[in-house]
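J.: give me the fold of what follows.
(2 chains)
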There are 2 protein chains.
Amino acid sequence: MAIKIIAFDADDTLWHNESYFQEAENRFKDLLEDYLPQHTVGRELLRTEMDNLPWYGYGVKAFILSMIETAIRITDGNLKSRDIETIIGFGKELLAKPVVMLDGVEKVLANLAQKYRLVLATKGDLLDQERKLYKSSLAGYFHHIEIMSEKREADFQKLIRHLDVAPAEFAMIGNSLKSDVMPVLQLGGHAYHIPYHVTWDLEKVDHHIEHENFRQVEKISQLLEYL
Amino acid sequence: MAIKIIAFDADDTLWHNESYFQEAENRFKDLLEDYLPQHTVGRELLRTEMDNLPWYGYGVKAFILSMIETAIRITDGNLKSRDIETIIGFGKELLAKPVVMLDGVEKVLANLAQKYRLVLATKGDLLDQERKLYKSSLAGYFHHIEIMSEKREADFQKLIRHLDVAPAEFAMIGNSLKSDVMPVLQLGGHAYHIPYHVTWDLEKVDHHIEHENFRQVEKISQLLEYL
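T.: Numbers count the residues shown, from 1 in each chain, chains lettered A, B, ... in the order given. As a prediction, this is how the structure comes out:
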């Protein structure tokens, strides 16, 4: 069966994102270094984020709330209001960041849009993801936009059914093996992995993938050799 | 043209919601009453929510962040970490609330689902709205679920186009004149208003609506007299 639909992840696949989050996290660690060594602050933040994930989901607001909770815990109740304002400021800056596209993105989308129906499939804050798409000026290339609360197998199954194609006619492109590649391969779809130079701890997996429907490329422009 | 699709708002149309938020807001006002009279705290919170709306959008996480910001401002930097933990707790309790359906909802959906395609069109946190729908056991009645970052005319236009019907074939049911009724009437669709006993300040409008495609009912079960 030939591929009919190509779905793209957004953050760190079409535009830079995780690097901004890590920048904010570093400033958060600086803020708290009187209380704990930086790497311990990072570990505590990750723990809070994992605990909050089922409640808050993904995105900037969840990140701000997890930073605040972590800071209160670490400082044993001695945190100043001013520091909380600073943390909220880190988050608001993230929301206001410019959208910087990765090299070659627009050319690849323009090319593939002539042969396939393109879909955007991303998780995160609803409003924030819409804002980034709008700022990117890429919305016109996509036949359908899906902002998902999770990217598990069942979520892709629902999306693929909604798009009215067979899994074998669906290809997913993204930087996360865990969220973009593995669930889609499981369903019988195709997946192309384009690693980003940094990966959020919660997206890290230790798998080595070999699968006839899977391919890893270094840059998005290499997709044009295969699709 | 006959109506083909009926879209339902969720919060305060299918299940109780605003009453939970107001309960949380009252506890927030109690927490801060040493600093300001309760009605002033409410006004300050509303101001913060309005300022944050373009950045955070709707939902519980935005509400928690706005409460924290308001509390810091009101207490002039004297807020204790413990109070911030209390505020975060108000929010997490909201996320864990049971979903209590309004009277007659399931019967009406079961009835209308035999004659129309039903759609859920709601704004708020993506994950939280999905969770409430899942808890409600109503998901099976809906042909399509749309969680929207806003409910303006352009947003409904996109939804109606996606559903592949004419605006005159689309009816919206909801408790907000501003978000459920006015934009849909503007587009040429039908709207049924079912007021909820409390309305969030940001949804209040002063309009009196007279329109051939508009009807106000007191309870959801009355829809069956018209649809």
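J.: contacts, neighbours, all on C-alpha from now
T.: Noted.
J.: all strands of chain A, in order?
T.: Assigned by DSSP state E, the strands in chain A fall at A:5-8, A:117-123, A:144-148, A:170-174, A:190-193, A:214-216.
J.: the second one pairs with which strands?
T.: It refers to strand A:117-123. Its sheet considered, strand A:117-123 pairs with strand A:5-8 (parallel), strand A:144-148 (parallel) by DSSP bridges.
J.: just give me the neighbour total for the nearest residue to A:Lys204 once chain neighbours are set aside.
T.: Excluding its sequence neighbours, the residue lying closest to A:Lys204 (Cα to Cα, 6 or more residues apart in numbering or on different chains) is A:Lys178, at 7.1 Å. Neighbour count for A:Lys178, taken as other Cα atoms under 10 Å in any protein chain shown: 18.
J.: A:Lys178: what's it in contact with?
T.: A:Glu203, A:Lys204, A:Val205 (Cα atoms under 8 Å, 6 or more residues apart in numbering or on different chains).
J.: ok, those vs chain B, which is closest?
T.: Distances from chain B to these, taken as Cα to the nearest Cα, are shortest for A:Glu203 (18.4 Å).
J.: so how far is A:Lys151 from that closest one?
T.: Distance of A:Glu203 to A:Lys151, computed by Cα to Cα, to the nearest Å: 11 Å.
J.: which neighbours do these two have in common?
T.: A:Ser179.
J.: neighbour count for the two, which is higher?
T.: Ranked by neighbour count (other Cα under 10 Å), A:Glu203 and A:Lys151 place A:Lys151 first, with 21 against 11.
J.: ok, that one touching A:Lys158?
T.: No - counting by Cα atoms under 8 Å, A:Lys151 does not reach A:Lys158; the two are 10.5 Å apart.
J.: list the contacts for the residue in chain A sticking out farthest from the centre?
T.: Ranking residues of chain A by C-alpha distance from their mean position (Cα atoms, centre = their mean) puts A:Asn78 at the top, at 33.6 Å. Residues in contact with A:Asn78 (Cα under 8 Å, 6+ apart) are A:Ile72, B:Ser81.
J.: wouldn't A:Met148 be in contact with A:Ala121 here?
T.: Yes - A:Met148 is in contact with A:Ala121 according to Cα under 8 Å; the separation is 7.0 Å.
J.: pull the distance from stretch A:150-158 to the chain's centre.
T.: 15 Å (Cα atoms, centre = their mean, to the nearest Å).
J.: any residue of it touching chain B?
T.: No - judged by Cα under 8 Å from any Cα of the partner chain, stretch A:150-158 stays clear of chain B, getting no closer than 8.5 Å.
J.: ok, and for that stretch, which residues are buried?
T.: A:Glu150, A:Lys151, A:Glu153, A:Phe156, A:Gln157 (16 or more other Cα atoms under 10 Å in any protein chain shown).
J.: many thanks, have a good one.
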